[in-house]
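**Student:** Below: sequence and its predicted model.
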Amino acid sequence: ANGLVVRDNDFDNRSSITALGSWIRGLPTADGGFAGARPAANRGISTTQPSPYLTLSAAGAFFLSPLADGTIGSRQAAPSRSVDGVEKDYFYNVNLGTSLANKTDRWQAATFVDHTFGGGVEFFSDVVLYRARSILGRTPVGTDATDEPNIAVAVNNPYNPFGSRFYHPQGLPNADGTPRLVGDPAEVQFSPGVGTRVVDWENRRIEVTSTAYRSVIGLRGKLGREWEWESAVLYSGAQTRDTEFNDVRESALRTALARTDATAFNPFGVTFRVSGNAVVPDQPYSNPKSVLDSFVQVWRHDGFSAIASLDARASGPVLRYWGNTASAAVGAEYRREQFLDTRPAYVGSNPPGVGLNVDDNDYLVASYAPNSTGNRIVYSGYVETIIPVFSPQRKIPLLYSLELTGSARYENYSDFGTTNRPTAGLPWK
């Protein structure tokens with residue numbers, strides 16, 4: 001009644017990351033930086049915004065942005081986020097690639113076998129197997145010059161609107177007769193601080209496969225009339241593979257951006273042309289699959305852990321006195337522990353001798369994580385005893401029971417040495 005319009009935009013979740021890109025025209029500096037600037041005398045650009053022509057700030061920054069007529073223009077500053085404006089489509093809607101819930105398939109199988117032999121010896125075993133596979137979606141890879149410095153569209157990349165395809169020091173035309181403007185060609189870099197999800201980069205698909213298993217085989221029985229014994233072999237393990245599809249190799253991306261022919265990568269989503277004395281966006285453009293396949297690759301992370309052990313133990317009474325029974329237990333164990341956390345070359349860290357930083361990896365927005373492994377053997381033995389001093393049968397006021405307990409455990413670890421842990425106690429109830 002009062003003219004107020006209410007919108008529910010829960011499923012139009014615009015982020016600060018852009019699909020059309022935030023860019024800087026310029027050239028690398030001797031210290032490894034990047035110096036952004038407009039073309040000399042503002043040749044080929046507009047200095048007003050928004051514009052159907054390319055328009056740059058004094059520092060060389062430009063933003064490709066939707067225009068009211070449905071075409072692509074440019075601005076010198078970030079477009080408006082207004083839900084009523086066409087420029088909102090500059091910002092990426094993260095709901096387009098994010099799973100609300102994982103798709104997971106699980107199954108489990110188990111078997112248990114017990115059998116009693118003659119003489120009171122009992123066989124026991126169990127085998128358990130679990131497997132799960134989960135699939136979820138994630139938005140495409142995004143990058144900027146803060147996380148990955150100096151990723152740039154090379155001067156001779158034919159899709160670079162400020163490169164040698166569109167600018168020449170004397171303004172001479174290309175070999176195919178298409179015009180060029182007077183000016184020095186320059187690179188175009190992904191801007192720092194504003195993530196770009198390139199139009200052709202597809203949503204990432206993540207598959208996580210987990211397997212766990214456990215097997216125990218053992219025997220138990222009696223020693224004499226009162227002592228009991230048990231011995232078993234155990235093996236348990238778990239492994240997980242985390243695979244992410246449609247990730248981007250950084251060095252391969254740089255190579256694709258540096259190509260000088262039709263196999264070069266165009267990150268802008270449009271082509272450009274010279275119209276009059278200006279460079280203008282021309283037609284929407286999708287990179288061929290062969291170009292994308294040169295740097296869009298699979299990221300993988302594998303984990304594995306396992307324990308194998310052999311143990312034996314026995315327990316029973318050792319002494320009877322004053323109506324009490326002192327008991328003891330002894331045991332020993334051999335155990336092997338394994339741990340693996342691995343990634344293929346370039347996923348976790350770059351291998352030496354390939355010209356890449358060995359303290360980094362080669363995937364966009366992925367953290368450096370070298371492989372780690374562990375393997376150790378543990379021998380252990382223990383003895384425990386319980387000696388009752390007063391038992392409940394004596395019915396002593398304020399003294400329901402009093403026991404003297406003691407134990408000792410010895411462990412030998414192959415990776416750091418031995419430990420001895422004696423304990424004593426006097427539990428009172």
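**Tutor:** It's in. Numbering: from 1, shown residues only.

**Student:** Tell me what T196 is bridged to.
**Tutor:** T18, T143 (DSSP bridges).

**Student:** wait, it sits on P140?
**Tutor:** No: using C-beta atoms under 8 Å, T196 makes no contact with P140, being 9.9 Å away. For glycine as for every other residue, the C-beta is placed from the backbone atoms N, C-alpha and C.

**Student:** The two - which one has more neighbours?
**Tutor:** The residue with more neighbours, out of T196 and P140, is T196; 26 against 22, by other C-beta atoms under 10 Å.

**Student:** quick one: that one and G85, what's the gap?
**Tutor:** 20 Å (C-beta to C-beta, to the nearest Å).

**Student:** Low-confidence regions, the stretch 251-400 of the chain specifically.
**Tutor:** The stretch 251-400 of the chain contains residues with pLDDT under 70 at 391-395, 397-398.

**Student:** what ranges do the strands span in it?
**Tutor:** Secondary structure of the stretch 251-400 of the chain by DSSP state E, counting those that start in this stretch: the strands cover 270-275, 278-284, 296-321, 324-342, 372-390.

**Student:** With the stretch 1-150 of the chain instead?
**Tutor:** Counting by DSSP E, counting those that start in this stretch, the stretch 1-150 of the chain has strands at residues 14-18, 22-28, 34-36, 61-66, 72-75, 91-93, 103-116, 122-138.

**Student:** Dump stretch 333-343 to CSV, restricted to CA.
**Tutor:** Output of stretch 333-343 as CSV, limited to C-alpha atoms (Å, rounded to 0.1, in the frame of the first residue of the first chain):
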residue,chain,number,x,y,z
GLU,A,333,52.3,-56.1,22.2
TYR,A,334,54.0,-55.6,18.9
ARG,A,335,52.5,-52.7,16.9
ARG,A,336,53.4,-51.1,13.6
GLU,A,337,51.9,-47.6,12.7
GLN,A,338,51.9,-46.1,9.2
PHE,A,339,50.9,-42.6,8.0
LEU,A,340,50.9,-41.1,4.6
ASP,A,341,49.7,-37.6,3.5
THR,A,342,50.6,-37.2,-0.2
ARG,A,343,49.9,-35.1,-3.2
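
**Student:** in that stretch, what's buried?
**Tutor:** 333, 335, 337, 341-343 (16 or more other C-beta atoms under 10 Å).

**Student:** and which of the residues you listed is nearest F123?
**Tutor:** Distance to F123, by C-beta to C-beta, is smallest for E333 among the buried residues of stretch 333-343, at 20.2 Å.

**Student:** tell me the centre residue of the protein?
**Tutor:** A366 (6.6 Å; C-alpha atoms, centre = their mean).

**Student:** now that one, nearest residue through space, not along the chain?
**Tutor:** W299 (6.5 Å; C-beta to C-beta, 6 or more residues apart in numbering).

**Student:** how many neighbours does the one you found have?
**Tutor:** For W299, using other C-beta under 10 Å, the count is 24.

**Student:** so it touches T243, yeah?
**Tutor:** Yes: using C-beta under 8 Å, W299 makes contact with T243 at a distance of 7.3 Å.

**Student:** For the nearest residue to L64 once chain neighbours are set aside, grab the count of nearby residues.
**Tutor:** Nearest non-adjacent residue to L64, counting by C-beta to C-beta, 6+ apart: L20, 4.2 Å away. Other residues lying near L20 total 25 when counted by other C-beta under 10 Å.

**Student:** Please name the residues that touch L20.
**Tutor:** Each residue near L20 by C-beta atoms under 8 Å, 6 or more residues apart in numbering is listed here: 63-66, 72, 90, 199, 268-269.

**Student:** What distance do you get for it to W201?
**Tutor:** From L20 over to W201 (counting by C-beta to C-beta), the distance is 13 Å.

**Student:** One more: R376?
**Tutor:** Taken as C-beta to C-beta, the spacing of R376 relative to W201 amounts to 43 Å.

**Student:** If you count surrounding residues, which of the two has more?
**Tutor:** W201 (23 against 13).

**Student:** returning to what we had before: between the contacts of L20, which is nearest D184?
**Tutor:** The closest of those to D184 turns out to be F268 (C-beta to C-beta; 20.3 Å).

**Student:** how many neighbours does the closest one have?
**Tutor:** Quick note: F268 (other C-beta under 10 Å) scores 23 neighbours.

**Student:** Could you do N160 as well?
**Tutor:** Neighbours of N160 under the rule other C-beta under 10 Å: 26.

**Student:** helix/strand/coil for it?
**Tutor:** Following DSSP: H, G, I helix; E, B strand; the rest coil, we place N160 in the coil state.

**Student:** sorry, back to before: among the buried residues of stretch 333-343, pick out the one closest to L426, please.
**Tutor:** Of the buried residues of stretch 333-343, the one sitting nearest to L426 (C-beta to C-beta) turns out to be E333, at 27.9 Å.

**Student:** ok, and the closest non-adjacent residue to the closest one?
**Tutor:** In space, E333 is closest to D311, 4.1 Å off (C-beta to C-beta, 6+ apart).

**Student:** Is that neighbour in contact with V378, as I believe?
**Tutor:** No: taking C-beta under 8 Å as the definition, D311 is not a contact partner of V378, at 11.1 Å.

**Student:** Identify the contacts common to the two.
**Tutor:** With C-beta under 8 Å, 6+ apart as the test, D311 and V378 both reach 333-334.

**Student:** For R75, which residues are in contact?
**Tutor:** R75 neighbours (C-beta under 8 Å, 6+ apart): 49-51, 55, 62-63, 65.

**Student:** and L404, how many neighbours?
**Tutor:** L404: 14 surrounding residues under other C-beta under 10 Å.

**Student:** in which helix or strand would I find it?
**Tutor:** Element membership for L404 (DSSP states H and E) is strand 402-413.

**Student:** and that strand, what does it pack onto?
**Tutor:** strand 372-390, strand 417-425 (3 or more C-beta pairs under 8 Å, 6 or more residues apart in numbering; DSSP states H and E).

**Student:** Show me the contact partners of it.
**Tutor:** 376-390, 418-429.

**Student:** All good on my end, thank you.
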